[in-house]
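Asks: no sequence on this one, just coordinates:
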Ligand code: NAD
């Protein structure tokens, strides 16, 4: 998307979100806020890999620990040609807020390698993964920093990460060093679909507990999904199963649209995608660009692909009644303001896609205890955490602002100006307050 007016620095975007939320909290010292805002550690590596044809290519990889106040760093590693250090720092910060919001004992981290998986063989990907993890050395570990899958990485990548780390750390249980592993190597039931499932639970509970979004129920709500990867495909299946017609869906090559009361036939969509590598061209559907798909008239719009998809250029043309951020950072700060003015609630990424890290946490606990929980147990625990967190966010969202923010001398609630904040700000307030409390209780060292 071409944007001439908005600054696309993803780090600035999360900083703006943080500043907006921290302005809603009374009495936190500036220095404490700075500590919660900035990254603790950034590692940048450049490393050579021998390619299948005998040539040598140099790759760049990053791992950022944003904050470890609540526990070890936690966050995915993405493989994408557009990965930048700034993007990884921004995503690591989002992980800090996400873990704090979900009340999970992890800090925030993220990693990325600049590469195009579509142009790499499996053995090249394995060598890139092993070399990157070796370069990271003891900067990752079961109690320091725990990677997970993200864009264009998967359980195979996680198996290689475990195996590489294990090769250098014999004689101890290394399974908790990485989550999102295959079931046969200590992976958790339900992890592969946890992010999409968590997105479904959060949306369902939000619609059940608020009447804000002008959508009577999930059943019959017309849904548009951008992205048909790990997250988007699970989201599509669960919303479809709950009776919400998926009227449009896309992948990197474009989208398809079918606006009847049943929406798309989801089984045919997956079958076609498996056969042709894209959804585009599915008989009986209209082809639509990813840009126009976002602007469709629908009840629920779910971006589940890349960041910065809804910005100052297209936010005003969004017609959805509710926007659900399954991807990380799909809505920019400027777009947030426009959507808020249009009364379109945005269920924020740190809540919506937190199912992934929540089940990653369950995987980590199972690995440490050498346990294997049933899928039913996992889904129950996930649903209860998602619902509880939605309740906390909605409570914060609907609460009048602290009167002392208007007049720092005042403690009189009647002076409170009822100011509405958006759902993202509400979620961040819950997360920042939790982090600030723990930081102060632990005490500033020395
Ligand atoms: P994935 O690699 O499995 O799938 C990505 C999907 O996006 C693919 O369908 C791809 O075709 C599509 N895509 C790529 N470029 C696109 C474009 N320009 N327009 C439209 N679609 C495009 O990734 P994923 O794991 O599903 O992650 C999707 C998003 O969810 C990312 O933002 C990721 O950070 C976030 N997320 C994922 C998890 C997880 O557990 N996988 C957890 C939290 C957040």
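Replies: Thanks, I have the structure now. Computed from a predicted model, the values in this text were never measured in an experiment. Numbering: from 1, shown residues only.

Asks: hmm, who's touching whatever helix or strand residue 248 lives in?
Replies: For residue 248, the host element (DSSP states H and E) is strand 246-251. Contact with strand 246-251 is made by 222-229, 232, 236, 239-240, 255-259, 263-264, 266, 269, 273, 278-280, 288, 290, 293, 296, 298, 305, as judged by Cβ atoms under 8 Å, 6 or more residues apart in numbering. To be clear about C-beta, it is placed using only N, CA and C from the backbone, and glycine gets the same treatment.

Asks: strands paired with it, and their directions?
Replies: strand 223-226 (parallel), strand 254-257 (antiparallel) (DSSP bridges).

Asks: shouldn't residue 47 be within a strand?
Replies: Yes. According to DSSP: H, G, I helix; E, B strand; the rest coil, residue 47 belongs to a strand.

Asks: out of the contacts of strand 246-251, who's near the ligand?
Replies: Contacts with the ligand within the contacts of strand 246-251, counted by Cβ under 6 Å from any ligand atom: 226-229, 232, 290, 305.

Asks: show me which of these is closest to residue 170.
Replies: Set against residue 170, the nearest of those by Cβ to Cβ is residue 229 (35.1 Å).

Asks: list, one by one, the residues from the stretch 151-300 of the chain near the ligand.
Replies: Checking the stretch 151-300 of the chain against the ligand by Cβ under 6 Å from any ligand atom, the hits are 151-152, 195, 226-232, 250-252, 290.

Asks: follow-up on the earlier one: list the ones among the contacts of strand 246-251 that fall in helices.
Replies: Among the contacts of strand 246-251, the ones falling in helices (DSSP state H) are 232, 236, 239-240, 266, 269, 273, 290, 293.

Asks: ok, back up a step: may I see the residues of the stretch 151-300 of the chain next to the ligand organised as TSV, with pLDDT and neighbour count added?
Replies: Listed next are these as TSV, based on pLDDT from 0 to 100; neighbours: other Cβ atoms under 10 Å:
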residue	pLDDT	neighbour count
151	89	23
152	93	22
195	95	27
226	98	25
227	97	26
228	96	23
229	93	16
230	90	23
231	95	29
232	97	24
250	98	29
251	97	20
252	95	13
290	96	19
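
Asks: winner for burial among the strands paired with strand 246-251?
Replies: Across the strands paired with strand 246-251, averaging neighbours per residue (mean count of other Cβ atoms under 10 Å) puts strand 223-226 on top, at a mean of 27.

Asks: farthest pair within the residues of the stretch 151-300 of the chain next to the ligand?
Replies: Across those (Cβ to Cβ), the longest gap, 20.2 Å, separates 195 and 290.

Asks: which residues touch the least confident helix or strand in the chain by mean pLDDT?
Replies: Using mean pLDDT, DSSP states H and E, the weakest-scoring helix or strand in the chain turns out to be helix 10-22, at a mean of 90. Helix 10-22 is contacted from outside by 28, 33, 36-37, 86-87, 89-91, 93-94, 97, 307-308, 329, 332-333, 336, 424-425, 428-429, 432, using Cβ under 8 Å, 6+ apart.

Asks: residue 284 versus residue 442, what's the distance?
Replies: Computed with Cβ to Cβ, to the nearest Å, the distance linking residue 442 and residue 284 is 59 Å.

Asks: how about residue 300?
Replies: 23 Å.

Asks: pLDDT below threshold where in the stretch 301-446 of the chain?
Replies: For the stretch 301-446 of the chain, applying pLDDT under 70 flags the ranges 406-419.

Asks: before we move on, what about the stretch 101-250 of the chain?
Replies: For the stretch 101-250 of the chain, the stretches with pLDDT under 70 are 213.
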